[in-house]
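1. when you get a sec, could you give me coordinates for this:
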Amino acid sequence: MFYPTEFYSEEYVKEQKIKAEKREIRKAANLLGVAFLIMTAIMVLWSLPLGFLAGLGIIKQQVLFDFLNDTTALQGIQIGISSLAFILSYFIYAKMMGRRLSDICAFNKPKKKGIVFPYVIFGFGACGIANILTNIAGAIFQSMGFEYELNLPEEPTSTLGIILAFIATAVTPALVEEFAMRGSVFGVLKKYGNSFAIITSAAVFGLMHGNFAQIPFAFIVGLYFAFVTVKTGTIWTAVIIHFFNNFISLALSYLTKGMSQYDLGIINVIYMGLLLLLGVVGFFLLYKKGEADFTVENEESLLTTPQKLKVFFTAPCMIIVYIVVLIEAIFVYA
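-> Residues are numbered from 1 along each chain as shown. Sure, this is the predicted structure:
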């Protein structure tokens, strides 16, 4: 039997709306967890089909071994696999949530003319702060007897290998990771509030890196990347900052190869200082343009941001994500 809404108390109607919003957020979290697991499976298990083919004799084992130990070839593989993993997984996520990418991904021009440059410059300062905080956290863990180093493949030295390394490290992540995180994920979740979407997309961005050394840095810069996406109204601001951060990091790793720890420490201090200085310059540029406002507008909701975050991060598929990331961090990257 149908009962008109006037027969229900205001408190009952409010309670039903809260339950409905929690169901929506939990669904968004669970489907995001599925997309994350698809992405992780592609990134971690991509070599298994090749091993299977080698086992059947279709591919010679020595050929496969040489191929997988070729630093230049590995850069090409990284470009292809990461592009497939991110684009496919988060395209699927948007579709599962019933959203069109053209509606949720801000590929458009900035809201205002001339605001991208100061936000980019200020973003370098944000990267510097993220680096400093990450180093402090690493020092604290080290003092507790916990050391963590990434077991990364050797960097290529051939001309083609170096070019592919820069594409794999700077160009591809800036495009596909920003499409996934600040495009698909943020675009889907912003309907529940900008603050909520900024925090959740940054947290997923951190978890996506799958190792204890990079998760803190990725989370902090992820907050800023999502924030500037809101402020400038376009994903391209985050893409630019992401590209330059990765590009400079890789360039420094090549330029400082073979240096002593003392010299590396001095260069790191100078680099951090320059980033912070650029951040100050960026802030003053934003101030002059009347953009030094670090608040964001949020949709009206019966749930507070902390309540939404609790629902999101306690969803079953997100809990599975934490377990997978922990296993990946311990057994894959350590």
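
2. give the other helices and strands that the helix or strand where residue 141 lies contacts.
-> Using DSSP states H and E, residue 141 maps to helix 116-143. With contacts taken as 3 or more CB pairs under 8 Å, 6 or more residues apart in numbering; DSSP states H and E, helix 116-143 sits against helix 215-232, helix 236-255, helix 261-288. Every C-beta, even on glycine, is put in place using the N, C-alpha and C of the backbone.

3. comparing the ones you listed, which comes out most buried?
-> Each of the helices and strands packed on helix 116-143 was given a mean neighbour count from mean count of other CB atoms under 10 Å, and the largest, a mean of 23, is that of helix 215-232.

4. C-alpha coordinates for it, PDB please?
-> The C-alpha trace of helix 215-232 is given here as PDB (Å, rounded to 0.1, in the frame of the first residue of the first chain):
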ATOM      1  CA  ILE A 215      52.200   5.900  -0.400                       C
ATOM      2  CA  PRO A 216      52.600   8.900   2.000                       C
ATOM      3  CA  PHE A 217      54.000  11.200  -0.800                       C
ATOM      4  CA  ALA A 218      51.300  10.100  -3.300                       C
ATOM      5  CA  PHE A 219      48.600  10.800  -0.700                       C
ATOM      6  CA  ILE A 220      49.800  14.300   0.100                       C
ATOM      7  CA  VAL A 221      50.300  15.400  -3.500                       C
ATOM      8  CA  GLY A 222      47.100  13.600  -4.400                       C
ATOM      9  CA  LEU A 223      45.200  16.000  -2.100                       C
ATOM     10  CA  TYR A 224      46.700  19.000  -3.900                       C
ATOM     11  CA  PHE A 225      46.100  17.500  -7.400                       C
ATOM     12  CA  ALA A 226      42.400  17.000  -6.600                       C
ATOM     13  CA  PHE A 227      42.200  20.500  -5.000                       C
ATOM     14  CA  VAL A 228      43.600  22.200  -8.100                       C
ATOM     15  CA  THR A 229      41.200  20.200 -10.300                       C
ATOM     16  CA  VAL A 230      38.400  21.800  -8.300                       C
ATOM     17  CA  LYS A 231      39.900  25.300  -8.300                       C
ATOM     18  CA  THR A 232      40.900  25.500 -11.900                       C
END
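
5. next, the angle from that helix to helix 236-255.
-> Counting by axes from the mean of the first three to the mean of the last three CA atoms, to 10 degrees, helix 215-232 lies at 140 degrees to helix 236-255.

6. in terms of secondary structure, what does helix 215-232 contact?
-> Partner elements for helix 215-232 (3+ CB pairs under 8 Å, 6+ apart): helix 116-143, helix 194-208, helix 236-255.

7. save those helices as a markdown table, and put in mean pLDDT and distance to residue 226 too.
-> Below are those laid out as a markdown table (pLDDT from 0 to 100; distance: least, CB to CB, whole Å):
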| stretch | mean pLDDT | distance to residue 226 |
| --- | --- | --- |
| helix 116-143 | 89 | 12 |
| helix 194-208 | 96 | 4 |
| helix 236-255 | 95 | 8 |
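
8. closest one to residue 175 among the ones you listed?
-> Proximity to residue 175 (CB to CB) singles out helix 236-255 among the helices and strands packed on helix 215-232, at 6.5 Å.

9. now that closest one, how far from the centre of its chain.
-> 14 Å (CA atoms, centre = their mean, to the nearest Å).

10. what residues does it touch?
-> Residues outside helix 236-255 that contact it (CB atoms under 8 Å, 6 or more residues apart in numbering) are 107, 110, 116, 119-120, 123-124, 127, 155, 162, 165-166, 169-171, 173-175, 177-178, 182, 221, 224-226, 228-229, 267, 271.

11. just the buried residues from these, in PyMOL please.
-> Restricted to buried positions by 16 or more other CB atoms under 10 Å, the PyMOL selection for the contacts of helix 236-255 reads:
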select buried, resi 110+116+119+120+123+124+127+162+165+166+169+170+171+173+174+175+177+178+182+221+224+225+226+228+229+271
